[in-house]
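# The sequence isn't on hand, but the structure is:
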């Protein structure tokens, strides 16, 4: 009996060891290396890639996908999205234009003084605050106001396992 269990255990181990390894795309490998991000949700950016169809357009960042190194910009890089209809409810299928993501390296922050794309460096103020500074004009680029609002609101659901306010000290 013990011989059978050791064979099945060995087969299971060999199956795990011989399984094909998932290949990580080079873009994802580079994205994992990054620790600092200059472009945040709510920033004004401009497309700087000359070969891109949307070259020179400016827009506000809607979403930053840090795992894939991509950003979604409002009103830029629009693509068709097909919505499926439901004949039982009387809803017809339609096509809408929706923002698609683009690589982080194809956009730059817009300088608040000149209105042109700029690179960024970080600087510490006398009061200890860390800010982003434009290399083009030297102006401080403030953090977007939208970041103070949570993207997903904190759940206000109170369950039976939550501690009551009167029991907390």
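Everything's here; your move. Everything quoted here is computed from the prediction, not taken from an experiment. Numbering: from 1, shown residues only.
# Neighbours of the residue found closest to residue 97 once you drop the neighbours it is linked to in the chain, how many?
Of all residues not flanking residue 97 in the chain, residue 78 sits nearest, at 4.4 Å (Cβ to Cβ, 6 or more residues apart in numbering). Glycine gets a C-beta too; all of them are placed from N, C-alpha and C. By other Cβ atoms under 10 Å, 14 other residues sit near residue 78.
# Bridged to the spatially most central residue of the chain, which residues?
The centre of the chain sits closest to residue 65, judged by Cα atoms, centre = their mean, with a distance of 1.8 Å. On the basis of DSSP bridges, residue 65 is bridged to residue 70.
# Look at it and report its pLDDT.
Listed pLDDT for residue 65 reads 93.
# ok, it touching residue 101?
Yes. Residue 65 lies in contact with residue 101 (Cβ atoms under 8 Å); the separation is 6.2 Å.
# show me what contacts the residue lying closest to residue 145 once chain neighbours are set aside?
Among residues not flanking residue 145 along the chain, residue 42 sits closest, at 6.9 Å (Cβ to Cβ, 6+ apart). If you count contacts by Cβ atoms under 8 Å, 6 or more residues apart in numbering, residue 42 has them with 60-61, 144-147.
# rerun that using 10 Å as the cut-off
Residues counted as contacts of residue 42 (Cβ atoms under 10 Å, 6 or more residues apart in numbering) are 60-62, 64, 143-149.
# thinking again about what came up before, dump the residue contacts of the residue nearest to the centre of the chain.
31, 71-72, 101, 104 are the contacts of residue 65 under Cβ under 10 Å, 6+ apart.
# Same list (these) but as a markdown table, adding distance to residue 167 and secondary structure.
Shown next, in a markdown table, are the contacts of residue 65 (distance: Cβ to Cβ, whole Å; DSSP: H, G, I helix; E, B strand; the rest coil):
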| residue | distance to residue 167 | secondary structure |
| --- | --- | --- |
| 31 | 45 | helix |
| 71 | 45 | strand |
| 72 | 44 | strand |
| 101 | 47 | strand |
| 104 | 48 | helix |
